[in-house]
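Novice: coords please:
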Amino acid sequence: MLEDRILVWRFNRGDTAALCRIYEKHRDGLLKVAAALLNDKSDAEDVLHDVFVAFAQRTGRFQLKGSLKGYLAICVANRARDRNRMLQRRAAACLDEASAQPAGTTGPAHVAMAREQTEKMDEIMAQLPEEQRETIVLHLQSKLRFREIARLQGISINTAMSRYRYGLDRLRSSLNGELKQ
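Specialist: I've put the predicted structure just below:
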């Protein structure tokens, strides 16, 4: 998008207002990507913060080769993947500590049901292989095309589309299993 190219040009010349505009423009979409990959809002916010701190440190030397939105989405996905690995290592080291999730929702029944469905979907998404989950999230949440996902991940378009299709098939299968129980 032309606005992004202009913002990057201004950003590279030290314009802090351009960095603020980039953040404001892409924050919500990137936060959705991080939340979908991490299943935790505070971790998602941390990842988004880390990505923009690293991005800000590239002032004057950042070169945009594709879309800024796609670049930032891949940065968020990579940080989320790193955070998931770190959390898995931590969990393996501290097996005796149980993580308690807040229970008890107040409000109308439909709010509680929606929250329960969201939690169940998050659990099912978390069971997908990382490559499939990441491709689904980048395509559905960030609205990236398979061509862009493939280029940013260094894979073929067919591989990106296959990861998406296999991921959706696994989601359907998991959801059908939940409905039968």
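Novice: quick one, phi psi at the nearest residue to residue 124 once chain neighbours are set aside?
Specialist: Sequence neighbours aside, residue 174 is the residue nearest to residue 124 in space, at 4.6 Å (criterion: Cβ to Cβ, 6 or more residues apart in numbering). From N, CA and C alone the C-beta is placed, and that goes for glycine too. Main-chain dihedrals, residue 174, degrees, to the nearest 10: phi -60, psi -40.
Novice: which SSE is residue 122 in?
Specialist: For residue 122, the host element (DSSP states H and E) is helix 109-126.
Novice: now for that helix, which elements pack on it?
Specialist: Packed against helix 109-126, as judged by 3 or more Cβ pairs under 8 Å, 6 or more residues apart in numbering; DSSP states H and E, are the following elements: helix 130-140, helix 157-180.
Novice: which stretch in the ones you listed has the least confidence?
Specialist: Mean pLDDT values for those show the minimum at helix 157-180, a mean of 84.
Novice: could you tell me the model confidence score at the residue lying closest to residue 35 once chain neighbours are set aside?
Specialist: The shortest distance from residue 35 to any non-neighbouring residue, by Cβ to Cβ, 6+ apart, is to residue 44 (4.1 Å). Listed pLDDT for residue 44 reads 91.
Novice: residues near residue 44, how many?
Specialist: For residue 44, the count of nearby residues is 23 (other Cβ atoms under 10 Å).
Novice: need the contact list for it.
Specialist: Residue 44 makes contact with 31, 34-35, 37-38, 80 under the criterion Cβ atoms under 8 Å, 6 or more residues apart in numbering.
Novice: again, but for residue 48
Specialist: With Cβ under 8 Å, 6+ apart, residue 48 has these contacts: 27, 30-31, 34, 76.
Novice: and if you look at residue 27?
Specialist: So residue 27 contacts residue 48 (Cβ under 8 Å, 6+ apart).
Novice: distance of the residue nearest to residue 125 when sequence neighbours are not counted relative to residue 113?
Specialist: Leaving aside its sequence neighbours, residue 125 sits nearest to residue 133 (Cβ to Cβ, 6+ apart; 5.7 Å). Separation of residue 133 from residue 113 (Cβ to Cβ, to the nearest Å) stands at 24 Å.
Novice: looking at those two, which is more packed in?
Specialist: When residue 133 and residue 113 are compared on other Cβ under 10 Å, the one with more neighbours turns out to be residue 133, at 23 against 11.
Novice: list the buried residues in the longest helix along the chain.
Specialist: Looking across the chain with DSSP state H, the single longest helix is helix 68-93. For helix 68-93, the neighbour count (16 or more other Cβ atoms under 10 Å) marks 68-77, 79-81, 83-84 as buried.
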